[in-house]
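A.B. asks: Attaching a predicted model along with its sequence, questions to come.
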Amino acid sequence: MENQNTTQVLTFEQVSRLQNVLNQVVQVHGRGNFPTLDVHLRSLIETVSFGLKKEGLKIKDIRLNGSTASYILSKDNITAYNDIDLIFGVEIRSHSHLQQIKTVVLSSLIDFLPNGVSKDKMSSCTLKEAYVQKMVKVSNDNDRWSLISLSNNEGKNIELKFVDNMRRQFEFSVDSFQIKLDSLVGFYKLSTVPMQSNFFPTVVAESVYGDIKLALFHLDNQLIATRNPEEIRGGGLLKYCNLLVRNYIPENINEIHMLERYMCSRFFIDFGDIEQQRQKLESYMASHFIGEDHTKYQYLMILYSIVSNSTVCLMGHERRQTLRLITNLAKSYYPNGFGYCDGFGTVCYGSPNGYMYTSPPSDAQSWNPYQGNLVQCY
């Protein structure tokens with residue numbers, strides 16, 4: 001691993017794409033009667049950075065992460081993105097630092113309130129209830145970080161992550177990219193001349209998976225690769241099925257069945273209760289499949305097959321309970337005649353394209369879930 005090159009300099013076209021992303025305005029939707037905020041991403045980065053420094057918190061660097069980074073680096077813009085993931089590398093040494101970070105982010109939102117709104121009445125508590133979809137704080141021997149996710153009804157959440165230390169920073173190689181933004185932010189502050197093909201800042205991307213050329217090959221060829229999925233919260237199971245439904249295929253067919261078992265085991269460790277599983281599944285689909293009910297249906301069929309074939313850590317009745325949950329969720333997306341049938345060892349799910357998805361045979365080695373496993377309906 002030491003000999004692998006984990007970084008790569010962006011081309012002018014990629015830097016231009018990055019600039020377009022940072023210059024866009026993303027709406028943060030308020031709950032109830034709270035107004036929508038029009039958030040200019042570059043301004044948000046500058047406002048949060050200024051607030052952190054004012055609080056005496058040291059910023060190591062600022063990075064763009066996740067699907068947005070993959071979109072910028074992908075060949076021919078083939079990768080779509082939803083959430084905008086920003087990572088602020090900061091020193092977190094106490095609970096008070098975490099509290100300071102939260103205060104800085106919520107205070108930054110005040111700058112984006114529309115004219116006419118009484119800003120004096122907007123307390124941190126009010127702003128949190130109005131605009132924050134999710135807030136996470138982790139502080140233990142291996143991890144010190146916090147996440148604040150700002151709500152967007154179309155699934156384009158702004159996710160602000162503040163990281164001192166994070167043991168596991170990726171799920172799969174295709175989401176392992178982090179683009180360092182400091183040089184571009186500095187360019188905006190110092191240069192009076194716009195970027196050109198012969199005059200633009202040096203921007204570096206890193207793959208926290210390892211070899212960046214290999215990770216980019218996986219991205220451009222839609223290949224699924226990971227390692228030690230048992231280290232990932234939820235095992236990466238839901239993301240894995242999402243990649244499959246988007247026509248990604250495993251890089252190594254021979255080892256994927258073992259990895260699927262680890263994914264399932266970790267998922268059921270983290271979400272052991274059936275209600276936890278329901279909530280996790282529904283929230284994941286709500287944020288990743290907006291306006292894609294048929295894709296949700298296909299996604300659940302893939303998840304059903306993986307859980308059915310690769311779960312070794314559950315009692316029989318627990319496994320059946322989870323499969324029943326997935327079945328019922330899938331049925332809800334086709335209430336008008338696209339029926340299903342529970343046979344002995346086989347489950348068929350109708351789809352409007354004239355095919356039925358079936359659960360795989362017991363011999364997992366003879367079944368290739370990555371090619372659809374479809375049979376014609378008559």
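C.D. replies: Thanks, I have the structure now.

A.B. asks: Can you tell me how far the most centrally placed residue in the chain is from H40?
C.D. replies: Nearest residue to the geometric centre of the chain (C-alpha atoms, centre = their mean): G66, 6.2 Å. According to C-beta to C-beta, to the nearest Å, G66 and H40 sit 20 Å apart. From N, CA and C alone the C-beta is placed, and that goes for glycine too.

A.B. asks: K134: what secondary structure?
C.D. replies: At K134 the chain is in strand, as set by DSSP: H, G, I helix; E, B strand; the rest coil.

A.B. asks: residue contacts, it?
C.D. replies: 147-149 (C-beta atoms under 8 Å, 6 or more residues apart in numbering).

A.B. asks: Among those, which lie within strands?
C.D. replies: Using DSSP state E, the members of these that fall within strands are 147-149.

A.B. asks: hmm, back to that, just among the contacts of K134, which is most surrounded?
C.D. replies: I148 (23 neighbours; other C-beta atoms under 10 Å).

A.B. asks: dump the residue contacts of the residue nearest to G30 when sequence neighbours are not counted.
C.D. replies: Nearest residue to G30 in three dimensions, chain neighbours excluded: A130, at 4.6 Å (C-beta to C-beta, 6 or more residues apart in numbering). By C-beta under 8 Å, 6+ apart, A130 lies in contact with 30-32, 34.

A.B. asks: A130 is in what secondary structure piece?
C.D. replies: Here A130 is covered by helix 124-131, with elements defined by DSSP states H and E.

A.B. asks: what does the average pLDDT come to for that helix?
C.D. replies: In this model, helix 124-131 has a mean pLDDT of 94.

A.B. asks: follow-up on the earlier one: which one of the ones in strands among the contacts of K134 is nearest to I269?
C.D. replies: The shortest approach to I269 among these belongs to L147, at 20.9 Å (C-beta to C-beta).

A.B. asks: hang on, isn't that closest one packed against K161?
C.D. replies: Yes: assessed by C-beta atoms under 8 Å, L147 is found in contact with K161 at 5.0 Å.

A.B. asks: burial of C125, as a residue count?
C.D. replies: C125: 9 neighbours (other C-beta under 10 Å).

A.B. asks: One more: D120?
C.D. replies: 7.

A.B. asks: The one 3 residues further on now?
C.D. replies: Neighbouring residues of S123 were enumerated by other C-beta under 10 Å; the total is 10.

A.B. asks: How about S305?
C.D. replies: For S305, using other C-beta under 10 Å, the count is 24.

A.B. asks: next one: W145
C.D. replies: 22.

A.B. asks: Please identify the helix or strand for it.
C.D. replies: Assigned by DSSP H and E, W145 falls in strand 144-150.

A.B. asks: Buried residues, the helix holding A130. List them.
C.D. replies: 127, 130-131 (16 or more other C-beta atoms under 10 Å).

A.B. asks: ok, now stretch 196-216?
C.D. replies: 200-201, 203, 205-212, 214-216.

A.B. asks: Could you do stretch 129-145 as well?
C.D. replies: Within stretch 129-145, the residues that count as buried by 16+ other C-beta under 10 Å are 130-133, 137-139, 144-145.

A.B. asks: Including distance to L259, could these go into CSV?
C.D. replies: CSV is the format used below for the buried residues of stretch 129-145 (distance: C-beta to C-beta, whole Å):
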residue, distance to L259
A130, 41
Y131, 37
V132, 34
Q133, 30
K137, 30
V138, 25
S139, 30
R144, 28
W145, 25
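
A.B. asks: Closest one of these to D111?
C.D. replies: Y131 (12.7 Å).

A.B. asks: Would you tell me what helix or strand L300 is located in?
C.D. replies: Element membership for L300 (DSSP H and E) is helix 293-310.

A.B. asks: what's the answer for D164, then?
C.D. replies: Going by DSSP H and E, D164 is in strand 158-165.

A.B. asks: mind checking the end-to-end distance for stretch 225-237?
C.D. replies: The straight-line separation of the ends of stretch 225-237 (C-alpha to C-alpha, to the nearest Å) is 13 Å.

A.B. asks: how far is that stretch from where the chain is centred?
C.D. replies: Here the centre of stretch 225-237 is set off from its chain's centre by 13 Å, with C-alpha atoms, centre = their mean, to the nearest Å.

A.B. asks: go on, stretch 269-286?
C.D. replies: 16 Å.

A.B. asks: pLDDT at D270, what is it?
C.D. replies: So, for D270, pLDDT stands at 96.

A.B. asks: so the closest residue to A205 other than its chain neighbours, which of the three states?
C.D. replies: Among residues not flanking A205 along the chain, I179 sits closest, at 4.8 Å (C-beta to C-beta, 6+ apart). With three-state DSSP as the basis, I179 sits in strand.

A.B. asks: low pLDDT regions in this protein?
C.D. replies: Scanning the chain for pLDDT under 70 picks out 1-3, 77-78, 335-378.

A.B. asks: domains for it, by residue range?
C.D. replies: Domains of the chain are assigned by the TED database as 1-115+122-221, 225-336.

A.B. asks: just to revisit the earlier point, among the contacts of A130, which ones are buried?
C.D. replies: Applying 16+ other C-beta under 10 Å to these, the neighbour count classes 30, 34 as buried.
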